[in-house]
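**Student:** Show me how the following folds:
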Amino acid sequence: MAEVVAGQGDTKLERVVTSGTFSLDGGTWDVDNNVWIVGDDAQCIVVDAAHTAAPILEAIGDRKVVAVLSTHGHDDHITAVREVAQATGAPTYLHPADRMLWDRVHDVAPDRELADGDRFEVGEVHLEVIHTPGHSPGAVCFRIPELGAVLTGDTLFQGGPGATGRSFSSYDTITASIRTKLFALPADTVVFTGHGDSTTIGEEAAGQDGWERPEGA
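**Tutor:** Okay, the predicted model is just below:
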């Protein structure tokens, strides 16, 4: 079931939570993921089609899907991407630096590549791509200025940076991405994350002195 978390005019940001597993480096963990749908009654964009397509397609309804975007290539965030894209006819997008992760899940390449500064328009808002490597090399965030929001995937959470203890990740890189790119956004920007609860840029910037480098990161 979709939950409306922000909106402007006829355009709204909705959250759908799906459940499944995340696997990397020989381990597998149970996870709940936030799937984001932004748009109006006519068209929308899907961000991070995770785990299961059915609840995502139910939330989309009969709207035209402009694009299926992925914040990064970890399997829990992209498992349902192709099924959603095939059902809606929408193109899929991923930053090319995460192709090695995508290729572990899908045997067909993404339709198009994401790059820093790309812009997607839907309804009365637009999404701006911010390349924020660290959690993975091709991790990106999507800023929605009209909603005062940013979709951060697994780059920034309530309490600090995303995980960096696994392959293809770097603590120094993710913290640099957050401090130079995300903390440059207005302090009242709401951070909608890939898992769990939302926060704000201001709250996380204020708490950055308490960040601790994870063991092995």
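
**Student:** contacting residues around the spatially closest residue to residue 116 that is not a sequence neighbour?
**Tutor:** Closest residue to residue 116 apart from its sequence neighbours, by CB to CB, 6 or more residues apart in numbering: residue 131 at 3.8 Å. All C-beta spots, glycine's among them, are computed from the backbone N, C-alpha and C. Residue 131 makes contacts with 95, 114-116, 138-140, 177, 181, as judged by CB atoms under 8 Å, 6 or more residues apart in numbering.

**Student:** from the chain's centre, how far out does stretch 106-116 sit?
**Tutor:** Offset of stretch 106-116 from its chain centre (CA atoms, centre = their mean, to the nearest Å): 15 Å.

**Student:** got the contact list for residue 75?
**Tutor:** Per CB under 8 Å, 6+ apart, neighbours of residue 75: 21-24, 101, 104-105.

**Student:** who does the worst-scoring helix or strand of the chain on mean pLDDT pair up with?
**Tutor:** When the helices and strands of the chain are compared on mean pLDDT, DSSP states H and E, strand 3-8 comes out lowest with a mean of 95. When pairs are called by DSSP bridges, strand 3-8 turns out to pair with strand 11-24 (antiparallel).

**Student:** and the partner strand, average pLDDT?
**Tutor:** Averaged across strand 11-24, pLDDT comes to 97.

**Student:** Same question for stretch 190-198.
**Tutor:** For stretch 190-198, the mean confidence score works out to 98.

**Student:** Tabulate the CA atom coordinates of that stretch in PDB.
**Tutor:** What follows is stretch 190-198, C-alpha atoms only, in PDB (Å, rounded to 0.1, in the frame of the first residue of the first chain):
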ATOM      1  CA  VAL A 190      13.900  16.100   3.800                       C
ATOM      2  CA  VAL A 191      16.000  13.000   3.300                       C
ATOM      3  CA  PHE A 192      13.900  10.000   2.100                       C
ATOM      4  CA  THR A 193      16.200   7.000   2.500                       C
ATOM      5  CA  GLY A 194      16.400   3.500   1.000                       C
ATOM      6  CA  HIS A 195      15.500   1.800   4.200                       C
ATOM      7  CA  GLY A 196      13.800   3.100   7.400                       C
ATOM      8  CA  ASP A 197      12.700   6.500   8.400                       C
ATOM      9  CA  SER A 198      13.300   9.900   6.900                       C
END
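
**Student:** Quote the end-to-end distance of stretch 17-31.
**Tutor:** 10 Å (CA to CA, to the nearest Å).

**Student:** Give me the buried positions along that stretch.
**Tutor:** 17-18, 20, 22, 24, 31 (16 or more other CB atoms under 10 Å).

**Student:** Please determine how far the closest residue to residue 112 other than its chain neighbours is located from residue 12.
**Tutor:** Spatially, and ignoring its direct neighbours in sequence, residue 112 is nearest to residue 93 (5.0 Å; CB to CB, 6+ apart). Counting by CB to CB, to the nearest Å, the gap from residue 93 to residue 12 is 21 Å.

**Student:** and residue 78, what are its phi and psi?
**Tutor:** phi -130, psi 0 (degrees, to the nearest 10).
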